[in-house]
Each structure stands twice: as C-alpha cells, then as structure tokens.
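*Asks:* Provided below are the primary sequence and the corresponding predicted coordinates.
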Amino acid sequence: MRRADIIRHRFRLVHLRFDSAIRREFPGLVTLAFEIEGVTVEERSDELERFKTDSMRRLRERYQLESLKDVPPLRAYRDFFWRVGIDPTKTRPASEALLRRVIQGKELPRINTLVDSYNIASMEMMVPLAVFDASKLEGDLTMRMAVAGERFMGIGMAAEDILSGKEVVIQDGRGLVAIYPYRDADPSKVTTDTKGVNVLVCGVPGVPSELLDIATVISSEYIMKFCGGILH
C-alpha cells in the first residue's frame, strides 16, 4: 500500500477548501488537514523535555547554519514567502526558524506540551504546521488570498497586522485563523484548556507530497505521544 493510501486510510482528513485564485496562482500547492480529539494539554512534561533534548542533539549534529537556507524544502518555503510579500531573511518560515535556533545552540521555546510536540515535528520534517483549537473554529476552513486592508491578530502580536492583499490566508466561518504558512491567529490558539485540535500540514509548490505525508504521520504521533487523544 502506498504511503498516500495509508494516510487516507488512517486519517479522516479535514476538509480545506481552496478558492479559485489560489488554484490559479499556486498550482501544485497541497495542504493536509486532520483532527485529533481528546487531547490533554499540560504546561510541561519531563518526558517531553528529554525527547526535545535528544531531537536537538541529533539536528545539531546533522546540519550547519551556513548551508541551511539551501536545503531543498526550506528553499521552497523561502521562495513561497517571497511570492506572498514576506521577506524570509527577516521573517523565516516557522520550521526553519526553529531549526536555526537549535543549531545556534539555543533552546526551543516552551509553550505547552501540545505546541512543543508539534514544534519538534515541524523542525525535524522542515514543514510548517498550523494547529488550532478545534472548539474555537466554526464551519469549514478556506484558503484564499487576503483582501488589502484586512486585519489579522496573530499569536504574540501586540497589535493587529493590516494585510496588503498579497498574503495567503486561512479563514473559518468567523474570520481569519492564519496567514499561510506563517502565523496562526490568537483567538484559535492551543492552550491547556484545549481538548481537540485541527492540524494543517502546510505544503507549498516544490515540496514533495511524500514529505507532507511523513510530516502528517510524525506530527500526529508526537502529539498523541505526549498529549494523548485519538485521530478523528
């Protein structure tokens, strides 16, 4: 059985609608979305901290900071950032930012056990992940181009961003939940009260679908290893 078939058999993928402008502008863009129910999110876990330390050690042994930007998946995300008006030399794709931090000898940020789990997966797979509290979403998710002047409040931001119209965004029935694949919105973020999550495995043109398949499996395994839950 092919890996893609295994993914479809194991995961009931969440519906994510692409509007026609996205299809025209970014042919070949693929995003996988799935849901995990019944998670328990804690502030920290000693087991997770040990797992994180081991992952960081392996990555420091494998990669050099000077050549990181030319690793093919990271190069593809950088190219996509340029196309949507984001300078990746100033605002790096999340997976690259985490990996750079580790290679520089710094520690990964500690948020909570679920966020920390998928950050490890994102860093190891070099694939950005967007994760939302499922109870804070309404209706189906849609990927579309931003509207100039649209406002977005991301996690950790002191004030709203005013979008230019070049950005790719994800919205639910209430409003924007992410700038793709850059930043998640504050209202739908994961907290210790979260009981279920929607996970987006964020592809861009040039990233092999096989890598997204692997990232789907790894991210689900890491989340459930440290937060429990079941695939929905």
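*Replies:* That came through, no problem.

*Asks:* averaged pLDDT, the host helix or strand of Glu49. What do you get?
*Replies:* For Glu49, the host element (DSSP states H and E) is helix 46-62. Helix 46-62 carries an average pLDDT of 97.

*Asks:* who touches the very next helix or strand once past that helix?
*Replies:* Counting by DSSP H and E, the next helix or strand C-terminal to helix 46-62 is helix 72-83. By Cβ atoms under 8 Å, 6 or more residues apart in numbering, the residues outside helix 72-83 that reach it are 26, 68-69, 87-88, 91-93, 95-96, 99, 126-128, 181-182, 204-207, 211. For every residue, glycine as well, the C-beta is placed using N, CA and C.

*Asks:* list only buried entries from the residues you listed.
*Replies:* Buried by 16 or more other Cβ atoms under 10 Å: 26, 68, 88, 92-93, 95-96, 99, 126-128, 181-182, 204, 207, 211, out of those.

*Asks:* what's the closest of the residues you listed to Met143?
*Replies:* When these are compared for distance to Met143 (Cβ to Cβ), Phe26 wins out at 9.3 Å.

*Asks:* where along the chain do the strands fall?
*Replies:* Using DSSP state E, the strands assigned to the chain run over residues 16-18, 31-37, 129-133, 141-145, 151-152, 161-162, 168-171, 176-180, 183-184, 196-202, 230-231.

*Asks:* which strands or helices does the fifth one pack on?
*Replies:* Using 3 or more Cβ pairs under 8 Å, 6 or more residues apart in numbering; DSSP states H and E as the contact test, the elements touching strand 151-152 are strand 161-162.

*Asks:* likewise for the third one?
*Replies:* In this structure, strand 129-133 packs against helix 113-125, strand 176-180, strand 183-184, strand 196-202, with contacts taken as 3+ Cβ pairs under 8 Å, 6+ apart.

*Asks:* so which of these is nearest Lys52?
*Replies:* Lys52 sits nearest to helix 113-125 of all the helices and strands packed on strand 129-133, at 6.0 Å, using Cβ to Cβ.

*Asks:* low pLDDT regions in the protein?
*Replies:* 1-13 (pLDDT under 70).

*Asks:* centroid residue for this structure?
*Replies:* With distances taken as Cα atoms, centre = their mean, Leu129 lies nearest the centre of the chain, 1.1 Å away.

*Asks:* surely it and Ser220 touch.
*Replies:* No - if you go by Cβ atoms under 8 Å, Leu129 and Ser220 don't touch, sitting 10.5 Å apart.

*Asks:* any residues in contact with both of those two?
*Replies:* Common neighbours of Leu129 and Ser220 (Cβ under 8 Å, 6+ apart) are Val199.

*Asks:* how far away is Ile162 from Ile86?
*Replies:* Distance, Ile162 to Ile86, using Cβ to Cβ, to the nearest Å: 14 Å.

*Asks:* again, but for Met123
*Replies:* Counting by Cβ to Cβ, the gap from Met123 to Ile86 is 19 Å.

*Asks:* what's the answer for Thr40, then?
*Replies:* Distance of Thr40 to Ile86, computed by Cβ to Cβ: 34 Å.

*Asks:* residues in contact with the nearest residue to Glu25 once chain neighbours are set aside?
*Replies:* Spatial nearest neighbour of Glu25, excluding adjacent residues (Cβ to Cβ, 6 or more residues apart in numbering): Met145 at 7.3 Å. Applying Cβ under 8 Å, 6+ apart to Met145 gives the contacts Asp19, Ala21, Ile22, Glu25, Gly165, Lys166, Glu167, Val168, Val169.
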